[in-house]
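> predicted model and sequence below, questions to follow.
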Amino acid sequence: MRVLVVGAGRMGAIRVEDLVADQRVSEVVVTNRNPERAQKLAATWGATALPWEEATAPVADAVVVAVGTDAHDHILGGVLPQGIPVLCEKPIALTLEDTAAAIDLAERSGSRMFIGFQRRFDEDIRGIYDTVHSGAIGTLYSMSMDSRDHEPSTKEFLAGSGGIFRDLHVHDFDLVRWITGSNIATVYATRQVREFPDYAEFDDGDISAISLTTDSGVQVVISGARHDALGHDVRMEAFGSKDSVTAGLNPRTPLRTIGADLGVNTTPYTGFVDRFREAFRNETRAFVSFASGEIDNPTPPDSALESLRVAIACEESIRTGAGVAVADIS
């Protein structure tokens, strides 16, 4: 299998490294708007550099789209009509209209699109999913989730991120839908700028809080932050009638305990790549299996569409100061 990776930034480098290590992949091809970056990445991992002008040419059996969101439309518009499997890093686009248009193009072209929600491939988070779906948790009462970046975003990133709900919390919304097996019905969200004024310039916040309820009645509380002095912290708990389970609590969790030594905060996670490096590796392997026809799609494109819909509902909740029905967002 020949796989094209479009993008030579942080995510492109991760995908190239993991694809090269997969014996089912015969060749990895890299392209980037900055040709020197593509050549350097290709040389590092024994891949092949391709001119940016050929990024949408039919040169591979599968494609990984790992460029900035603002370039997704151009790349997807060129590769999806080829009818080949595509791994697209989230988000597909920053609007529901553009996201739905890309999904429609994929369906019309027979191209199967796999969305980069790497948290589904974290072994501990997968353990929560298995506990819920096996019935071992009993009736799922509620969930709580924490998503906290270590370092605040740069102004360059903020300009195109889409904001804390569309960029950070779409991962949480995806996990809620995946783990509960239910769509999100209502949301109530708050957002503040507490420490970093750059966020205010982009009508964004450096902290957030969300209360939501699924169609099946599960209540979920989500806490978000763009800065955590101790490290990168992503944790979650699921509470049911038979069991209560957690993921993300381990010796590397950036958390200082008072009153008991739980053995946490030993070598805290320094960023999302550090926290989810193994999950990314698992995800890339799964994409190769998917592209080879060995497995069904573990992260179908509707996961991106519906998670974005919830993010927009959160923004509407901020605007109105009230709870919002997600079904009203169209």
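The structure has been received and is ready for your questions.
> which parts of the protein are helices?
Along the chain, counting by DSSP state H, helices occupy 10-20, 35-45, 72-79, 96-109, 123-133, 155-161, 164-167, 170-180, 198-201, 272-291, 302-320.
> out of those, the one nearest Met1 is which?
The closest of these to Met1 is helix 272-291. By CB to CB, the value is 6.6 Å. (Glycine included, C-beta is placed from N, CA and C.)
> now the closest one: buried residues?
272, 275-277, 279-288, 290-291 (16 or more other CB atoms under 10 Å).
> mind saving the C-alpha coords of that helix as CSV?
The C-alpha trace of helix 272-291 is given here as CSV (Å, rounded to 0.1, in the frame of the first residue of the first chain):
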residue,chain,number,x,y,z
PHE,A,272,-1.2,16.3,23.7
VAL,A,273,1.3,14.3,21.7
ASP,A,274,3.0,13.1,24.8
ARG,A,275,-0.3,12.2,26.4
PHE,A,276,-1.7,10.4,23.4
ARG,A,277,1.4,9.2,21.5
GLU,A,278,0.5,5.5,21.8
ALA,A,279,-3.1,6.4,20.9
PHE,A,280,-1.9,8.0,17.7
ARG,A,281,0.1,4.9,16.9
ASN,A,282,-2.9,2.7,17.5
GLU,A,283,-5.0,5.0,15.3
THR,A,284,-2.6,5.0,12.4
ARG,A,285,-2.5,1.2,12.5
ALA,A,286,-6.3,1.1,12.5
PHE,A,287,-6.4,3.4,9.5
VAL,A,288,-4.1,1.0,7.6
SER,A,289,-6.4,-1.9,8.6
PHE,A,290,-9.4,0.2,7.5
ALA,A,291,-7.8,1.2,4.2
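> name the helices or strands packed onto that helix?
Here helix 272-291 touches helix 10-20, strand 62-65, strand 113-116, helix 123-133, strand 233-240, going by 3 or more CB pairs under 8 Å, 6 or more residues apart in numbering; DSSP states H and E.
> and those as JSON lines, adding distance to Thr246?
Shown next, in JSON lines, are the helices and strands packed on helix 272-291 (distance: least, CB to CB, whole Å):
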{"stretch": "helix 10-20", "distance to Thr246": "26"}
{"stretch": "strand 62-65", "distance to Thr246": "32"}
{"stretch": "strand 113-116", "distance to Thr246": "24"}
{"stretch": "helix 123-133", "distance to Thr246": "8"}
{"stretch": "strand 233-240", "distance to Thr246": "5"}
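> so of the ones you listed, which one's packed in deepest?
strand 62-65 (a mean of 28; mean count of other CB atoms under 10 Å).
> does Ala66 touch Glu89 like I think?
Yes - judged on CB atoms under 8 Å, Ala66 makes contact with Glu89 at a distance of 5.3 Å.
> hey, what's in contact with both of those two?
Met11 (CB atoms under 8 Å, 6 or more residues apart in numbering).
> so which of these two has more stuff around it?
Ala66 (25 against 22; other CB atoms under 10 Å).
> what about stretch 194-210, start to end distance?
This stretch, stretch 194-210, spans 17 Å end to end (CA to CA, to the nearest Å).
> identify the residues contacting it?
Outside stretch 194-210, the residues touching it (CB under 8 Å, 6+ apart) are 152-153, 155, 158-159, 161, 163-165, 168-169, 172, 187-193, 220-227, 314.
> drop anything exposed from those.
Using 16+ other CB under 10 Å, the buried ones in the contacts of stretch 194-210 are 152-153, 158, 161, 163-165, 168-169, 172, 187-189, 191, 193, 220, 222-227, 314.
> so which of those sit within strands?
Within the buried ones among the contacts of stretch 194-210, residues falling in strands by DSSP state E are 187-189, 191, 220, 222-225.
> pLDDT and distance to Arg120 added to the residues you listed, as JSON lines?
Listed next are these as JSON lines, based on pLDDT from 0 to 100; distance: CB to CB, whole Å:
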{"residue": "Val187", "pLDDT": "98", "distance to Arg120": "21"}
{"residue": "Tyr188", "pLDDT": "98", "distance to Arg120": "25"}
{"residue": "Ala189", "pLDDT": "98", "distance to Arg120": "23"}
{"residue": "Arg191", "pLDDT": "98", "distance to Arg120": "26"}
{"residue": "Val220", "pLDDT": "98", "distance to Arg120": "16"}
{"residue": "Ile222", "pLDDT": "98", "distance to Arg120": "17"}
{"residue": "Ser223", "pLDDT": "98", "distance to Arg120": "20"}
{"residue": "Gly224", "pLDDT": "98", "distance to Arg120": "19"}
{"residue": "Ala225", "pLDDT": "98", "distance to Arg120": "22"}
